[in-house]
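Asker: turn this into a model:
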Amino acid sequence: IHEAEAPADVLHHALGCSQEGPARPGWTFLTASESVMKDIRWGFGFMDVNEEIDNNRVGHTGMVRFGNHKLDKWSSCPALSNPVVTARSVISLYPPGQRPHIAALERVEPHPARAIPGYQPVGPSSQAPSQASPQASPQAPL
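Answerer: As a prediction, this is how the structure comes out:
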């Protein structure tokens, strides 16, 4: 919802009288002054320190911010991205041994790596151990 929309416009949208259809249960619609909306956006990390870029609304995208507060792990994704990709992103915030197993989100086939055009792998270094750079000596405790 854009800050330029009046409360009546927000209510109209929330009641499902818009092209997007009705609001889903549990959704909250907010409207506020431009400065308050900017504070909220910046609080979630959706900002650019360059004011000229930040104020250019053409570059703004609808993003969803989510996280695991206990682990202080946060991520975001485009609001209109593939729901499976979004769900996998949310699950990735769980520690590996605690991630829920949801059959619909499991990959049926391994995700193939794409070839990098012109890439030639380099073999192990041919330097003898005595020619390699010396390892740093351990630091004394502080």
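
Asker: so what's the most centrally placed residue in the chain bridging to?
Answerer: For the chain, the residue nearest the mean C-alpha position is Ser76 (2.1 Å; CA atoms, centre = their mean). The residues listed as beta-bridge partners of Ser76 by DSSP bridges are Arg65.

Asker: so what's it scoring on pLDDT?
Answerer: Ser76 carries a pLDDT value of 88.

Asker: can you check Ile1 too?
Answerer: Ile1 is given a pLDDT of 43.

Asker: any idea how far Asn55 is from Lys38?
Answerer: Asn55 is 9 Å from Lys38, where distance means CB to CB, to the nearest Å. The C-beta positions use only the backbone N, C-alpha and C, and glycine is treated the same way.

Asker: and those two? Which one has more around it.
Answerer: Counted by other CB atoms under 10 Å, Asn55 and Lys38 do not tie: Lys38 has more neighbours, with 16 against 12.

Asker: for the more buried one, give me its contacts.
Answerer: Lys38 sits next to Met47 when contact means CB atoms under 8 Å, 6 or more residues apart in numbering.

Asker: which SSE is it in?
Answerer: helix 34-43 (DSSP states H and E).

Asker: that helix: what's the following helix or strand?
Answerer: Using DSSP H and E, the first helix or strand after helix 34-43 is helix 51-54.

Asker: and stretch 69-76, which residues are buried?
Answerer: Ser76 (16 or more other CB atoms under 10 Å).

Asker: just the C-alphas of it, formatted as CSV.
Answerer: C-alpha atoms of stretch 69-76 as CSV (Å, rounded to 0.1, in the frame of the first residue of the first chain):
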residue,chain,number,x,y,z
HIS,A,69,14.4,-13.9,15.8
LYS,A,70,16.0,-16.4,18.2
LEU,A,71,18.9,-17.0,15.9
ASP,A,72,18.9,-13.4,14.6
LYS,A,73,18.9,-14.7,11.0
TRP,A,74,16.9,-12.6,8.5
SER,A,75,16.2,-12.8,4.8
SER,A,76,13.9,-11.3,2.2
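
Asker: give me the contacts around that stretch.
Answerer: Under CB under 8 Å, 6+ apart, the answer for stretch 69-76 is 45-46, 63-68, 89-90, 92-93, 95.
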